[in-house]
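J.: Just the structure for this:
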Amino acid sequence: MAVQQSHTELVEACKRGDRRAMEKIYRMYARALFNTAYRITGDFHYAEDVMHEAFIKAFEHMDAYRGDAPLGAWLKRIAVNESLQWLKKYRRYETDRDEWPEMAAEDETPPDDTWQTEDKKRLAEALMKLNPRYRTVLSLHYIEGYDLQETASIMDISYANVRTLLTRAKQQLKKILEHER
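T.: Prediction:
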């Protein structure tokens, strides 16, 4: 319960314009928002930009946060929406496969150990070929571990729609992986 109170206090401080509270929230959620943006955009640098835009939007609209969902879920929904808007704007539905191995420079660390095995690399490449909504629902549910209801909340869609998207996304992913064998 103390964690929830801490979040509540931080949110209230942000609403008053407290930059320290904003920085604390940023540090708490930056990695998660970056990972979300990265999995949707497929590009390290664009994911950073999207993450920053998501935080800017969140802090500008902190008064809209009512606390009916966890702060992390609310922030994640903003990051998902920003990522999807970025995709629409720049039409980056596929990433050139040759970019994957050199994606991160020496001083940049990929968000996780995604690139350690050929199977994981193959899966990540296949994910990038999916429709962004399919990629998003798979990432939120299977990679980031959100349950179906949380995924629905983050994506601002119904529970039934999440189930349908997951089924279609898995079918499409299976086809892509089978085709590349």
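J.: Closest to the centroid, which residue in this protein?
T.: With the centre of the chain defined as its mean C-alpha position, the nearest residue by Cα atoms, centre = their mean is residue 36, 1.6 Å away.
J.: So for it, what pLDDT did the model give?
T.: In the predicted model, residue 36 carries a pLDDT score of 89.
J.: That one against residue 80, yeah?
T.: Yes: contact criterion Cβ atoms under 8 Å: residue 36 and residue 80 qualify, at 6.1 Å. Backbone N, C-alpha and C define where each C-beta goes, glycine included.
J.: Overlap in contacts, those two.
T.: residue 140 (Cβ atoms under 8 Å, 6 or more residues apart in numbering).
J.: in the protein, which spans are helices?
T.: Counting by DSSP state H, the chain has helices at residues 2-15, 19-41, 44-60, 71-90, 118-128, 132-138, 148-155, 159-179.
J.: ok, residues contacting the lowest-mean-pLDDT helix or strand in the chain?
T.: When each helix and strand of the chain is scored by mean pLDDT, DSSP states H and E, helix 2-15 comes last, with a mean of 77. Contacts of helix 2-15 from elsewhere in the structure, counted by Cβ under 8 Å, 6+ apart, are 20, 21, 22, 24, 25, 59, 62, 63, 65, 67, 70, 71.
J.: What is the burial count for residue 153?
T.: A count of neighbours around residue 153, defined by other Cβ atoms under 10 Å, yields 21.
J.: and what of residue 175?
T.: Around residue 175 there are 12 other residues, counting by other Cβ under 10 Å.
J.: do the one 5 residues further on as well
T.: Burial measure for residue 180: 10 neighbouring residues, criterion other Cβ under 10 Å.
J.: need the contact list for it.
T.: Neighbouring residues of residue 180 by Cβ under 8 Å, 6+ apart: 122, 126.
J.: got any ranges where the protein has weak pLDDT?
T.: With pLDDT under 70 as the threshold, the chain has low-confidence stretches at 1-5, 91-116, 181.
J.: picking that back up, are any of the contacts of helix 2-15 buried, and which?
T.: Burial by neighbour count, 16 or more other Cβ atoms under 10 Å: within the contacts of helix 2-15 this picks out 21, 22, 24, 25, 59, 62, 65, 71.
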